[in-house]
Each structure stands twice: as structure tokens, then as C-alpha cells.
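Engineer: Give me the fold of what follows.
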Amino acid sequence: MLIAIDESGSFASGSMERQFFAAVHIRQRKTLYRLKQRQFAQWEAALPRSLKNATGEIKSSALSDDDLADFVRRIVCAPYYVGVTPYAIRPADNPDVLVEKHRAVALIGIREGAKEYRALGREGVAKTYEEFGNWLKKLSYAQYLKIIVLGKCIAAAMANSIGHAITGRYDDELPRLRFLIDRDFVKEPRHNVFWHELLRNQLYDASKSNPIPLLDKWKKKGHPFLDKYTRKGRLDFNELFWKHCAFVSSHEHFEIRIADAMNTILSRFFNRRRCVLAYRLVRTCFLRDGKVHQVVLNDFDLDSYRYDPSDNPWRKIAEDA
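Structural biologist: Numbers count the residues shown, from 1 in each chain. The predicted model follows:
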């Protein structure tokens with residue numbers, strides 16, 4: 001399964017509109033992948049040249065509601081259908097002061113993790129974690145919000161892909177699972193390192209409420225997916241997100257352009273009450289419970305927060321290293 005992710009919206013503080021991240025799930029079996037690629041190319045080629053930019057790419061924001069309904073019919077809902085994992089957030093529900101509380105707790109964990117590495121004599125890694133904390137601290141409100149929602153979308157999309165592959169009986173594709181994410185602010189190699197560490201924390205947190213679905217017989221008899229991503233008796237997706245997850249340009253990857261169109265449909269429907277037909281059609285492709293999950297950060301009293309070493313994922317990493 002190939003999972004392509006894009007976002008829509010400014011994620012600006014105080015915005016009353018919903019901002020979205022949508023993951024689209026595309027089968028990797030060659031015949032099925034090429035079919036979807038061909039369907040997209042034929043649909044895109046039929047659109048007026050006036051809608052295309054200098055690279056020949058068509059941005060979905062330039063399309064009419066009818067164009068997007070046609071897109072869903074001919075690509076998303078056409079055999080075989082494209083699965084969708086949609087996530088939303090409304091900045092107005094997550095004010096700056098609340099976001100800063102969550103950032104403060106993350107920074108405490110990162111700094112404590114740096115101390116653990118230093119205690120192990122790994123000064124270089126400790127310095128990297130200090131740089132990581134400085135990077136996280138400097139992110140704008142919008143950037144930090146994007147990172148939060150992207151992480152939740154990735155965790156849910158991975159669980160949905162595995163669950164759907166099991167029920168669809170194509171779990172032989174799982175060892176080739178990979179992610180493509182539209183390139184945004186994670187552009188520099190050093191920032192990519194920091195983002196991966198943050199994602200590792202998010203996956204750890206998500207696993208407590210939405211664990212990866214696995215069959216009992218896999219654990220007894222083995223499975224190529226578990227063989228590839230099990231370390232010391234537990235799941236370890238380090239290889240997946242370092243070697244098979246990339247930030248890419250949309251004009252070079254049709255999969256990202258499918259995700260882009262999906263976000264436009266979601267944004268128009270929820271913020272403008274447009275794209276009604278396209279949304280009704282595409283909703284049948286939502287995985288798991290068929291809902292758009294909206295993120296609202298929990299509030300808490302930061303002054304009464306007490307650091308718990310046993311619940312710090314960065315500390316656990318230091319111990320395992």
C-alpha cells in the first residue's frame with residue numbers, strides 16, 4: 001500500500017475554518033497501481049490547458065465542483081477504489097495558549113531525553129536532542145499545528161492500511177508499505193531528523209489508543225511484515241519512516257495530486273457547503289469508521305504538570321539505544 005498525504009488550509013491562529021490533512025491509500029500491486037495512474041492521467045489530460053501551471057500540474061483549487069465530482073467518479077471510486085483517511089482541525093478550537101502548553105510538555109520530554117543520552121555518554125546524540133528542542137520551540141503556531149495533525153493522520157493511516165489489507169486479503173503488500181508526503185516546511189535534512197523523532201513520539205502515543213491491528217496467527221506462525229518491522233520482540237517502524245517515507249513535490253507524484261484534490265473537496269464541503277456530490281461519493285471510501293476525525297487538544301493545568309520519566313518516549317529510546 002502506498003499512502004500519499006497532503007494538507008489544505010493556512011492553519012492560522014484563530015481561524016474558524018477547518019483545516020485538513022488527507023491520506024489516500026493506493027494499492028501497490030503493479031497492475032492495480034498502473035491502472036490508477038492511467039485513470040488519473042486520462043482525467044487530467046481531459047481538463048482545459050488553461051487550468052495547468054508552468055509544470056503542467058493542475059491544482060485542485062482551480063477546479064469546479066463538477067470537475068471534482070468527475071474526479072471522484074473516474075479515479076477515487078473507480079475500480080479499484082482509493083481508500084481515504086481524513087483528519088481535520090479548527091484553530092479556533094485550539095487557541096495559542098493551549099498549543100503552547102502541549103509544546104511545553106514536549107520540550108520537557110525532549111530535554112529529559114537529552115539528559116538520558118548524556119548520562120549514557122552519548123554526547124553527540126544529546127546535542128542533537130538539544131537542537132531538536134530548539135527547532136520545536138521556534139516553530140510557528142501554524143507549523144506546530146500541522147505537525148500535530150500530520151502525525152495523527154500518519155498513525156491512523158498506517159493502522160487503517162494494515163487493517164484494510166488484512167480484511168481485503170492483500171497483506172502480502174504490507175512489507176512494501178511506504179509514505180509520500182507533500183513537501184512543506186520540513187525541507188532541510190536536519191529538520192527531517194527532528195521531525196522523525198517527533199513522529200516516533202506520536203506513533204508511540206497513538207499506539208496506546210489505536211494499536212496496530214495484527215492477526216494472532218501472524219504472531220504464532222510469522223508474517224513478512226512482522227519479520228521486517230519487529231525488533232527485540234516489539235514493533236519498530238524506524239526503517240519504514242526513514243527509508244520508505246519521503247517529502248516530495250506534487251508535480252512529480254500523481255498520488256499527491258489525488259490527495260490534494262481530496263483536501264479541496266473536504267475543505268469546500270465543510271467550510272463552504274459546496275462539493276456536496278463529490279463529498280457524498282468520496283465518503284464511501286473513508287476507511288475504518290467512515291468519519292472525518294477532528295483534532296481538539298485537551299486542556300490541562302500546566303502549573304500542576306509533573307514530569308513522569310516512565311511515560312517519556314524519548315527516555316525509552318535512550319534506554320534502548
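
Engineer: for the stretch 51-200 of the chain, which spans come out with low pLDDT?
Structural biologist: 185 (pLDDT under 70).

Engineer: What segments of it are strands?
Structural biologist: Counting by DSSP state E, counting those that start in this stretch, the stretch 51-200 of the chain has strands at residues 83-89, 178-182.

Engineer: The first one - contacts with which helices or strands?
Structural biologist: Which is strand 83-89. Judged by 3 or more Cβ pairs under 8 Å, 6 or more residues apart in numbering; DSSP states H and E, the packing partners of strand 83-89 are strand 19-26, helix 141-167, helix 254-272, strand 293-295. In this view, the C-beta of every residue, glycine as well, is placed from N, C-alpha and C.

Engineer: one more time with 10 Å, if that's ok
Structural biologist: strand 2-8, strand 19-26, helix 141-167, helix 254-272, helix 276-283, strand 293-295 (3 or more Cβ pairs under 10 Å, 6 or more residues apart in numbering; DSSP states H and E).

Engineer: could you dump that strand to CSV, C-alpha only?
Structural biologist: Coordinates of each C-alpha in strand 83-89 appear next as CSV, following Å, rounded to 0.1, in the frame of the first residue of the first chain:
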residue,chain,number,x,y,z
GLY,A,83,-9.1,4.5,0.5
VAL,A,84,-9.1,7.8,2.4
THR,A,85,-8.1,8.6,6.0
PRO,A,86,-9.1,12.3,6.6
TYR,A,87,-8.2,14.5,9.6
ALA,A,88,-9.3,18.0,10.4
ILE,A,89,-8.6,20.7,12.9
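
Engineer: what inclination does that strand have with respect to strand 2-8?
Structural biologist: 30 degrees (axes from the mean of the first three to the mean of the last three Cα atoms, to 10 degrees).

Engineer: and strand 83-89 with helix 141-167, angle?
Structural biologist: Here strand 83-89 runs at an angle of 150 degrees relative to helix 141-167 (the same axes, to 10 degrees).

Engineer: sorry, back to before: and among the helices and strands packed on strand 83-89, the most buried is which?
Structural biologist: Among these, strand 19-26 has the highest mean neighbour count (mean count of other Cβ atoms under 10 Å), at a mean of 26.

Engineer: pLDDT (mean, whole number) over it?
Structural biologist: Averaged across strand 19-26, pLDDT comes to 98.

Engineer: what helices or strands is it leaning on?
Structural biologist: If contacts are counted by 3+ Cβ pairs under 10 Å, 6+ apart, strand 19-26 sits against strand 2-8, helix 30-45, strand 83-89, helix 141-167, strand 178-182, helix 254-272, strand 293-295.

Engineer: what about 6 Å?
Structural biologist: Under the contact criterion of 3 or more Cβ pairs under 6 Å, 6 or more residues apart in numbering; DSSP states H and E, strand 19-26 touches strand 2-8, strand 83-89, helix 141-167, helix 254-272.

Engineer: any chance of the strands of the stretch 51-200 of the chain in TSV, with distance to Phe40 and mean neighbour count too?
Structural biologist: Putting the strands of the stretch 51-200 of the chain into TSV (distance: least, Cβ to Cβ, whole Å; neighbours: other Cβ atoms under 10 Å) gives the following:
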stretch	distance to Phe40	mean neighbour count
strand 83-89	15	25
strand 178-182	14	21
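
Engineer: Figure out which of these is closest to Phe20.
Structural biologist: strand 83-89 (5.2 Å; Cβ to Cβ).

Engineer: Outside of that closest one itself, list whatever touches it.
Structural biologist: Applying Cβ atoms under 6 Å, 6 or more residues apart in numbering, the contact partners of strand 83-89 are 18-25, 149, 152-153, 156-157, 160, 266, 285-287, 292-295.

Engineer: Phi, psi for Thr284 please.
Structural biologist: phi -70, psi -10 (degrees, to the nearest 10).

Engineer: That one and Ala278: what is the separation?
Structural biologist: 12 Å (Cβ to Cβ, to the nearest Å).

Engineer: just to revisit the earlier point, present the helices and strands packed on strand 19-26 as a markdown table; the columns should include distance to Ile58.
Structural biologist: A markdown table is the format used below for the helices and strands packed on strand 19-26 (distance: least, Cβ to Cβ, whole Å):
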| stretch | distance to Ile58 |
| --- | --- |
| strand 2-8 | 14 |
| strand 83-89 | 20 |
| helix 141-167 | 24 |
| helix 254-272 | 7 |
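
Engineer: Lovely, talk soon.
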